[in-house]
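Visitor: Return atomic coordinates for the entry below.
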Amino acid sequence: MNIFKRSGKVTDERIENIRNKIFKEIYYLIMVICFISIGIKIFKYGVDTKLIVLELVILFFGGVYYLIRSIFLGVYWDEVEMHDRTSKTTMGSKTIFSSIGLAIVMAIMIGVKSAVSYADGRAQGIWYFAMVSFASIVIYVPIFLLLFGGIHLLAKKIGLKKQDDDNEL
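Guide: Predicted structure coming up:
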């Protein structure tokens, strides 16, 4: 989908690669500026999501756009294949382990917050921590596995289809 690209124009590949490198550097610079802005606002005004909504939107949609474009261009799956050739652990396994790990870390954080905020004594705090952590793990592990694993499987399907289409030409 080349909406903004003019047809019939001859471009130098070297110039195009340099231009892409510059755009990549600009993207990274914008991400760094957003993180710095979030840090300054949190330090100056405290944790208030109303103040950092714009930065979070830029970070989120920038990442989502990059992921979608790389999946539909076939670049994501090519990178996964290159990673799987050189690494002992496949990207699929890393996706599963990181999903479970993220769910456990979030469950522990939520369990600690619940124990500290709502428990009256040590025994009740341990009980709240265990109960809330377990419930959070039961909730977040399937959600993260479906989300991250689903994206990985979708990227695989699209990447393999893209390779088949390229091989037919």
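
Visitor: Assign a three-state SS to the residue nearest to the spatial centre of the chain, would you?
Guide: In the chain, the residue lying closest to the centroid (Cα atoms, centre = their mean) is Gly63, at 6.7 Å. Assigned with DSSP: H, G, I helix; E, B strand; the rest coil, Gly63 falls in the helix class.

Visitor: Buried residues, the helix or strand of the chain with the lowest mean pLDDT. List them.
Guide: Lowest mean confidence among the helices and strands of the chain (mean pLDDT, DSSP states H and E): helix 150-168, at a mean of 83. With burial defined by 16 or more other Cβ atoms under 10 Å, the residues of helix 150-168 counted as buried are 152, 155-156, 158-159, 162. The C-beta positions use only the backbone N, C-alpha and C, and glycine is treated the same way.

Visitor: so where does the closest residue to Cys34 other than its chain neighbours fall, helix or strand?
Guide: Leaving aside its chain neighbours, Cys34 sits nearest to Glu55 (4.3 Å; criterion: Cβ to Cβ, 6 or more residues apart in numbering). Take DSSP states H and E as the rule and Glu55 turns out to sit in helix 53-73.

Visitor: can you give me the helices for this protein?
Guide: All helices of the chain, identified by DSSP state H, fall at 13-45, 53-73, 75-86, 91-118, 122-144, 150-168.

Visitor: what's the last one in contact with?
Guide: The list of residues contacting helix 150-168 from outside it, by Cβ atoms under 8 Å, 6 or more residues apart in numbering, reads 67, 71-74, 76-78, 80, 91-92, 95.

Visitor: any idea how far Ser136 is from the most far-flung residue of the chain relative to its centre?
Guide: Taking Cα atoms, centre = their mean, the residue of the chain most remote from its mean C-alpha position is Gly121, at 38.5 Å. Note on Gly121: its distance to Ser136, by Cβ to Cβ, to the nearest Å, is 22 Å.

Visitor: in stretch 143-151, what's buried?
Guide: Those would be 144, 148, for stretch 143-151 by 16+ other Cβ under 10 Å.

Visitor: tell me how far it is from the chain's mean position?
Guide: 11 Å (Cα atoms, centre = their mean, to the nearest Å).

Visitor: Please apply the same query to stretch 25-33.
Guide: 16 Å.

Visitor: Count the residues that sit near Met82.
Guide: Met82 has 11 neighbouring residues, counting by other Cβ atoms under 10 Å.

Visitor: likewise the one 3 residues further on?
Guide: Arg85 is flanked by 8 other residues according to other Cβ under 10 Å.

Visitor: got the contact list for it?
Guide: Contacts of Arg85 (Cβ under 8 Å, 6+ apart): none.

Visitor: Many thanks, I have nothing further to ask.
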